[in-house]
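In: I'll drop the sequence and a predicted model, then ask my questions.
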Amino acid sequence: MPLVTSAEMFKKAYDGGYAIGAFNVNNMEIVQGITEAARDLSAPLILQVSKGARAYANHTYLVKLVEAAVIECPNIPIVLHLDHGPDFETCKSCIDGGFTSVMIDASSKPFAENIAITKQVVEYAHDHGVVVEAELGALAGIEDDVKVSAEESHYTHPEEVEEFVSKTGCDSLAIAIGTSHGAYKFTADQCTRNEKGELVPPPLRFDILEEVSKRLPGFPIVLHGSSSVPQEYVKMVNENGGKMPDAVGIPEEQLRKAAALSVCKINIDSDLRLAMTGTIRKFFNEHPDKFDPREYLKPARAAIKELVAHKIVDVLGCDHKA
């Protein structure tokens, strides 16, 4: 099937109590690992591209990689989504260039300005059959070109969501309930330690999510900054020459709870990078004489596929939903 929008996906996800995985892509192996896992599990899928990924790999290459995935996985619905579009011009470029969904992130702007920018994108996107994700609240952390300090971050105010959605006409809404961008989501002093000595982050603000859901019944909610930063890959990186002390993410059980509520899309990025980097570091440590990219990228691709399959089944709950 051709690329689709997320409209029907989100309706089914909301009604079914699961979430769609939105995985950031940068190169061929990441695209292959994600889509092969989804294909094997008959899971709907969102492949998303950030401004940084477009700068790295080029818009055309990324679109063509996703088009190849659509050909190779004809039985699952796939959305091509712009992640954190910074302005109208970037969103327009992606809409004109084959994307079926875009995010306009004007969350750093004052409320009225966020509405005005988002509405401009929505009007252009809807005229071209494309759906729009917007954001209220600001997540801390660093991911590609998104850099928000802890001081600048703030939770979504539930009392604003009805006016925002009504005035912008957006199709889904990303909210801030305690997730954070990047692999270093929380500092050590923000966490507690369990009996194993592992860092445990503060719980998500489900009270905010529940209040937003009451105010926007049936409306799809999105969580950014939702990588769980698997500790086995942090350990793999550190045991093979890396230095990632205290990298900690969102507990998977909390993400599963969010998916069972009104969260229809969960963004996952850092986990894939960790799986790829850890596997490659381990490969070179064990095979210092190897130099062929095909040899070290093959196990990296397999690691991504395994990780995505786990997310689809155990975190998102969306296997066999295509």
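Out: That came in fine, so what should we check first?
In: mind checking how far T100 is from I312?
Out: 20 Å (Cβ to Cβ, to the nearest Å). (Glycine included, C-beta is placed from N, CA and C.)
In: From the neighbour counts alone, determine which of those two ranks first.
Out: I312 (28 against 24; other Cβ atoms under 10 Å).
In: Now the more buried one. Nearest residue, chain neighbours left out?
Out: In space, and not counting its chain neighbours, I312 is closest to A43: 4.7 Å by Cβ to Cβ, 6 or more residues apart in numbering.
In: got it, and A125?
Out: V132 (4.8 Å).
In: V165 is in contact with that neighbour, correct?
Out: No: assessed by Cβ atoms under 8 Å, V132 is found out of contact with V165, at 11.0 Å.
In: and the residue nearest to I312, what does it touch?
Out: Neighbour list for A43: 21, 37, 76, 312, 316, 318-322 [criterion: Cβ atoms under 8 Å, 6 or more residues apart in numbering].
In: Surely it forms part of a helix?
Out: No: using DSSP: H, G, I helix; E, B strand; the rest coil, the secondary structure at A43 is coil, not a helix.
In: and the most centrally placed residue in the chain, what is it in contact with?
Out: Compute the mean C-alpha point of the chain, and by Cα atoms, centre = their mean the closest residue is N267, 1.8 Å away. If you count contacts by Cβ under 8 Å, 6+ apart, N267 has them with 22, 24, 48, 83, 222-227.
In: Just the buried residues of the residues you listed.
Out: 22, 24, 48, 83, 222-227 (16 or more other Cβ atoms under 10 Å).
In: Any chance of those residues in TSV with pLDDT as columns?
Out: Listed next are the buried ones among the contacts of N267 as TSV, based on pLDDT from 0 to 100:
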residue	pLDDT
A22	98
N24	96
Q48	97
D83	97
V222	97
L223	96
H224	92
G225	87
S226	89
S227	87
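In: What is the nearest of those residues to K11?
Out: V222 (14.4 Å; Cβ to Cβ).
In: Can you tell me the strand partners of the one helix or strand the closest one maps to and which way each runs?
Out: Taking DSSP states H and E as the criterion, V222 maps to strand 221-223. Strands that pair with strand 221-223, judged by DSSP bridges, come out as strand 172-175 (parallel), strand 263-268 (parallel).
In: that older thread, packing partners of the helix or strand containing the residue nearest to A125?
Out: If you go by DSSP H and E, V132 is part of strand 131-136. Taking 3 or more Cβ pairs under 8 Å, 6 or more residues apart in numbering; DSSP states H and E as the contact definition, the neighbouring helices and strands of strand 131-136 are strand 101-104, helix 111-127, helix 161-168, strand 172-175.
In: Is there a neighbour count for K119? I'd like the number.
Out: Neighbour number of K119 under other Cβ under 10 Å is 18.
In: Could you tell me how far it is located from L47?
Out: The gap separating K119 from L47 is 26 Å, by Cβ to Cβ.
In: go on, P77?
Out: 11 Å.
In: can you pull the buried residues of the longest strand along the chain?
Out: In the chain, taking DSSP state E as the definition, the longest strand is strand 78-85. Residues of strand 78-85 classed as buried: 78-85 (neighbour count, 16+ other Cβ under 10 Å).
In: Next: stretch 194-209.
Out: Residues of stretch 194-209 classed as buried: 199, 201, 204-205, 208-209 (neighbour count, 16+ other Cβ under 10 Å).
In: check contacts around the nearest residue to K119 once chain neighbours are set aside.
Out: The shortest distance from K119 to any non-neighbouring residue, by Cβ to Cβ, 6+ apart, is to T168 (4.8 Å). Contact analysis of T168 by Cβ under 8 Å, 6+ apart lists 115, 118-119, 122, 134.
In: let's see 10 Å
Out: 104, 106, 114-123, 132, 134, 136 (Cβ atoms under 10 Å, 6 or more residues apart in numbering).
In: May I ask which of the residues you listed has the most neighbours?
Out: Highest neighbour count within the contacts of T168, by other Cβ under 10 Å: T118, with 30 neighbours.
In: Lowest-confidence member of the buried residues of stretch 194-209, which is it?
Out: Looking at the buried residues of stretch 194-209, model confidence by pLDDT dips furthest at L199: 75.
In: Write down the beta-bridge partners of it, one by one.
Out: Beta-bridge partners of L199, as defined by DSSP bridges: R193.
In: Kindly report the same for G85.
Out: Judged by DSSP bridges, the bridge partners of G85 are I104.
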